[in-house]
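Trainee: Take this sequence and fold it.
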Amino acid sequence: MELLATLMIVGMLFALVLPNLDALVPSARLRGSGSRIQAELEWARSEARIQGKRMAVELDLDRGRWRLVYPPEQRLTRDEDESALAERPDDWSGLDEDVRFAGAGDGKAGLAQKGLYRVVFDEYGFTADQSIVLQRKSEPDHTWTLTVTGLSGKAETFESERGEKPLPQVVGEGAF
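Mentor: Next up is the predicted model:
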């Protein structure tokens with residue numbers, strides 16, 4: 001009797017969870033892609049500070065991919081020639097299925113929605129205040145925004161189901 005009651009409770013839980021599980025997976029893909037980009041940005045900032053060299057993360061807004069861009073002196077060794085700098089397909093990491101870039105930019109210039117966009121960190125790990133916006137292809141109003149504060153390196157995320165795309169405030173004097 002106890003076993004039957006336990007199985008009934010488990011069955012009811014599955015009946016409640018399974019229909020909603022489909023809605024959770026796309027959201028997890030959106031957050032997962034965003035978290036990977038955030039980790040790459042944090043790593044690039046850290047490396048820029050440690051090595052005292054400019055580092056960048058390049059976003060391909062059209063193809064939904066990104067890569068780390070090393071300083072030129074680290075990309076070419078003594079044994080290599082210019083052809084070694086040619087783009088290799090394994091340099092790029094892609095967004096998850098059903099996720100695309102909705103734009104990247106700052107408060108002053110707005111969001112770029114096509115082409116290549118670079119988040120560049122100087123030798124001290126500083127950058128301009130910028131936002132990177134991801135959205136679901138199947139549901140464009142579901143967005144995930146990463147806003148990077150350039151001087152502190154603080155990264156904040158914002159998720160919206162109404163298509164909101166927050167940008168950093170425009171800072172006048174003293175801004176990058």
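Trainee: can you give me the helices for the protein?
Mentor: Counting by DSSP state H, the chain has helices at residues 2-51, 72-75.
Trainee: of these, which approaches V99 most closely?
Mentor: With C-beta to C-beta, the closest approach to V99 among the helices of the chain belongs to helix 2-51: 4.7 Å. For the C-beta atoms, the positions are set from N, CA and C on the backbone; glycine is no exception.
Trainee: What is the least confident helix or strand in this protein?
Mentor: Of the helices and strands making up the chain, the lowest-confidence element is helix 72-75, at a mean of 66, by mean pLDDT, DSSP states H and E.
Trainee: residues in contact with the residue nearest the centre of the chain?
Mentor: For the chain, I37 is the residue whose C-alpha lies nearest the centre (C-alpha atoms, centre = their mean; 3.2 Å). Applying C-beta atoms under 8 Å, 6 or more residues apart in numbering to I37 gives the contacts V57, L59, W66, I132, L134, L146.
Trainee: tell me which of these is nearest to S46?
Mentor: Of the contacts of I37, the one sitting nearest to S46 (C-beta to C-beta) turns out to be V57, at 12.2 Å.
Trainee: Just give me the neighbour total for that closest one.
Mentor: 22 (other C-beta atoms under 10 Å).
Trainee: Next, the buried residues of stretch 143-150.
Mentor: Using 16 or more other C-beta atoms under 10 Å as the burial criterion, the residues of stretch 143-150 that qualify are T143, W144, T145, L146, T147, V148, G150.
Trainee: Need the winner for burial among the helices of the chain.
Mentor: Among those, the stretch with the highest mean neighbour count (mean count of other C-beta atoms under 10 Å) is helix 2-51, at a mean of 13.
Trainee: For that helix, what does the pLDDT average out to?
Mentor: Mean per-residue pLDDT for helix 2-51: 83.
Trainee: With distance to T157 as extra columns, can I get the helices of the chain in CSV?
Mentor: Supplementary listing: those in CSV, determined by distance: least, C-beta to C-beta, whole Å:
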stretch, distance to T157
helix 2-51, 7
helix 72-75, 30
